[in-house]
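[1] just coords:
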């Protein structure tokens, strides 16, 4: 793979920085493509699931029968 400096690609730098793909043409035929680098995804902090569970349910522990009943209700109402 060859590398070009920014000086060599200056006419295309603004297009690449805007996320555009730049085709290289010769005689009406495509001979190459300049691709922008993939943007780094913004990391989103995950919620504190354990704290949420404690806030919602406290120390409650459901029996197998209660869980089965709740699941059946979800399925009857189209939530599962």
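    Yep, it's here. Remember, predicted model here, so these are calculated numbers, not experimental data. Numbering: from 1, shown residues only.
[2] longest helix anywhere in this structure?
    Longest helix in the chain by number of residues (criterion: DSSP state H): helix 64-76.
[3] mind listing what residue 16 touches?
    The contact partners of residue 16, taken as Cβ atoms under 8 Å, 6 or more residues apart in numbering, are 9, 22, 34, 35, 36. Quick note: C-beta positions are derived from backbone N, CA and C, even for glycine.
[4] I figured the first one was touching residue 35, is that so?
    It stands for residue 9. No. Using Cβ atoms under 8 Å, residue 9 is not in contact with residue 35, being 11.9 Å away.
[5] just how off-centre is the helix-or-strand element of the chain with minimal mean pLDDT within its chain?
    Here the helix or strand of the chain ranked lowest by mean pLDDT, DSSP states H and E is helix 10-17, holding a mean of 81. The chain centre lies 25 Å from the centre of helix 10-17; the measure is Cα atoms, centre = their mean, to the nearest Å.
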